[in-house]
Structure formats: structure tokens, C-alpha cells
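In: Predicted model follows, preceded by the sequence.
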Amino acid sequence: MKKILYGLLIPCIFGAVSCKKESNPPPTPAAEKFMTLTAGSTWTYRLTDNPATAPVSTNYTLTATSNDSAASGRTYKIFTNNSGPNEYYNITASDYYTFRKLPDVLGGTSVEVLYLKDNLNVGGTWSQTIPITYSGISLQLTFNNKIAEKGIAKIVNGINYTGVTKVETTLSVTGIPFAYTLDSDIEYYYAPKVGQIENHTAIDLTVTGFPPTNVEQKTELRSSTIL
């Protein structure tokens, strides 16, 4: 699917009186969004399973189309995936949404996820609770998100991205009728206009009476064409 352009303050070099004569000053440009939805834009990612132990990597390419799909009262832009199902993205003001397939350990269903709020400062948080089914049991899964860093530089695949925002996510679950432990360590990096440039996901779930389930993945943006 990791530059923000702030408005330029143009000084009045002719003094205060001249400034007052400007009845219609040029508008301040809005900060650049953390993804483009422009049709024809492409992103090629490398997804690596078990990156620290027995890495297995595959590449896939997302392409933004001109087609839309309506869901949950929002209009989603459709992105094709050359090695999987379509993906769906929406930007509403400062909120970024996607339909995302959860890992099998978390039910494997596709859900709407609010993955970024670009108006929050460092330390800002938001949560989202989603119903899932695990081994036939109905549960409530909560994503706890935090803006960990903003305006940082991040090198991915030899490309230096600036103005990057880092989001840290942890998971919690309610409704499991057995003793369990759930550990999660999830990081996302988003670059202005480009969107996601890197992701690390580690999830360990152990439920009494069931075999332990572990997920470890890394996603890196290899190249992109942003229109």
C-alpha cells in the first residue's frame, strides 16, 4: 500500500500598510494526504512470512482503479491486487479506512478498519472493536492504535521517505471462555501521498485446549508510481 506539504507563510515585504491592501490572500495549501486514490497509481509490495526465522517472500502489486464501491455509508476506491482479491480504501477528512482481511488466527474475515487518523499528534490514540469468530466462538476484537511518531524519515528498499507517520497497534479480545494469552506487536509506517511503506506484524495467541497460533509478517514497499 511509508513530504507533508505545509502552507507557506508569505511575508509582507512592503510593511504593514501594504499587507492590509491584500483583500484576497492566496489560500494556504492543505497538508498532503497519506495516500493517493488517483486511478492508475501502483504499489508493489514484498510480503515476507516468518522474516526472523524461515522467511518466505512473495511480491504483489496494487493498482488504483476508477471504480468505486459503497459500504458502511462511505464510498471506497477499488484497488486491484495481481495476486489476490481486490482491496478497498476510503479517506474521509482525517480518517483513513480499508476493508482488510484479518489473519486466520483472528478469524480470517474481512472487516472495515480505521487504520490512520492524520490529525492526531504524537501520543494520540483511537480504538476500534470488531466482532470475529474464532473456532466457532463469537468474540470481540479491539484494535488499540497510537500515533508513535510523526514527521520522521524512513528508508525502505533504499528509498528515503520523509514526513512519515508511525502507528503502533496492539490487540485485545473479550469473550474467550477459556484461559488464554494474546501478545501482539504491530507497526505501520505511512508516507505522504504514498501511503503504507512498511508494516511489521507479530501475533501470538494461546488458548487452553487449542494449539498455539503464531503470525509474523513483514511488508515492504518495493516501488510505486504515484499519479
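Out: In hand now; what should we look at?
In: Was I right to think Q128 contacts V113?
Out: Yes - if you go by Cβ atoms under 8 Å, Q128 and V113 touch, sitting 6.8 Å apart. Where C-beta positions appear, they are placed from N, C-alpha and C, glycine not excepted.
In: list residues touching both of these two?
Out: F143 (Cβ atoms under 8 Å, 6 or more residues apart in numbering).
In: So what are the sheet partners of the lengthiest strand in the chain and their directions?
Out: Counting by DSSP state E, the longest strand found in the chain is strand 137-156. Paired with strand 137-156 in the same sheet, following DSSP bridges, are strand 125-134 (antiparallel), strand 159-174 (antiparallel).
In: and N82, which of those strands is closest to it?
Out: In terms of Cβ to Cβ, the element of the strands paired with strand 137-156 nearest to N82 is strand 159-174, at 20.9 Å.
In: tell me what the very next helix or strand once past the closest one is packed against?
Out: Counting by DSSP states H and E, the element after strand 159-174 in chain order, helix or strand, is strand 180-191. If you count contacts as 3 or more Cβ pairs under 8 Å, 6 or more residues apart in numbering; DSSP states H and E, strand 180-191 packs onto strand 110-117, strand 137-156, strand 159-174, strand 195-207.
In: packing partners for the first one?
Out: I take that to be strand 110-117. When contacts are defined as 3+ Cβ pairs under 8 Å, 6+ apart, strand 110-117 packs onto strand 95-101, strand 125-134, strand 137-156, strand 159-174, strand 180-191.
In: who touches the second one?
Out: By that I understand strand 125-134. For strand 125-134, contacts defined as Cβ under 8 Å, 6+ apart pick out 102, 105-107, 109, 111, 113-114, 117, 120, 138-147, 176.
In: now what about stretch 83-94, what contacts it?
Out: Residues outside stretch 83-94 that contact it (Cβ under 8 Å, 6+ apart): 1, 33, 35, 37, 58-62, 69, 71, 74-81, 96-101, 117-119.
In: just the buried members of those residues?
Out: Neighbour counting by 16 or more other Cβ atoms under 10 Å classes 1, 33, 35, 37, 60-62, 76-79, 96-99, 117-118 among those as buried.
In: Against I159, how distant is the residue lying closest to N160 once chain neighbours are set aside?
Out: Excluding the flanking residues, the one nearest N160 by Cβ to Cβ, 6 or more residues apart in numbering is A153, at 6.2 Å. Distance of A153 to I159, computed by Cβ to Cβ, to the nearest Å: 11 Å.
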